[in-house]
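[1] no sequence for this one, just the structure:
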């Protein structure tokens, strides 16, 4: 990691991505850790998925998120930290009616930075799932897919 300060309105290497309607701005990237700032609009979400090789966390800066671990739904507000261990399915939802800002992180970094580059602006759900699987993120089928 290089020393220095990434200013509040700036991104690492000037990257910024639109991923499923959310704005992700990378702040730190090493082989061990990837951290990004996220703006999560009302009524947006990341469907349930698994990181088989990464632990993930969220530090909520403003607003309220709901995180689903299967049937277990947890709320996280400003100042709360959400811990999502590798191999555990989780979905992230903004059902608050307002914008949420937070910091996400994963360890180790693996291929997530490259995934966000590939997903920038992708709107087709099947394509998002396909690209994600190539980068070690496995989305679960919708609950009614087996019916």
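    Alright, I've got the coordinates. Nothing here was measured: the structure is a model prediction, and the numbers come from that model. Numbers count the residues shown, from 1 in each chain.
[2] longest helix in this structure, by residue count?
    The longest helix of the chain (DSSP state H) is helix 125-134.
[3] So which elements touch that helix?
    helix 112-119, strand 138-139 (3 or more C-beta pairs under 8 Å, 6 or more residues apart in numbering; DSSP states H and E). The C-beta positions use only the backbone N, C-alpha and C, and glycine is treated the same way.
[4] Can I get these in a markdown table including mean pLDDT, mean neighbour count and distance to residue 86?
    Compiled in a markdown table, these are given as follows (pLDDT from 0 to 100; neighbours: other C-beta atoms under 10 Å; distance: least, C-beta to C-beta, whole Å):
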| stretch | mean pLDDT | mean neighbour count | distance to residue 86 |
| --- | --- | --- | --- |
| helix 112-119 | 94 | 18 | 12 |
| strand 138-139 | 95 | 16 | 11 |
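[5] what's near enough to touch the residue nearest the centre of the chain?
    Nearest to the geometric centre of the chain sits residue 104, at 6.3 Å (C-alpha atoms, centre = their mean). Counting by C-beta atoms under 8 Å, 6 or more residues apart in numbering, residue 104 makes contact with 24, 35-38, 56-58.
[6] cool, and residue 30?
    Taking C-beta under 8 Å, 6+ apart as the test, what residue 30 contacts is 1, 109.
[7] Could you do residue 64 as well?
    Residue 64 is in contact with 75-77, 94, 96, 100, counting by C-beta under 8 Å, 6+ apart.
[8] List the beta-bridge partners for the residue nearest to the centre of the chain.
    residue 36, residue 58 (DSSP bridges).
[9] State the distance from it to residue 139.
    Here residue 104 is placed at a distance of 17 Å from residue 139 (C-beta to C-beta, to the nearest Å).
[10] got it, and residue 2?
    Distance from residue 2 to residue 139, by C-beta to C-beta: 33 Å.
[11] which residues of this protein score low on pLDDT?
    143-147 (pLDDT under 70).
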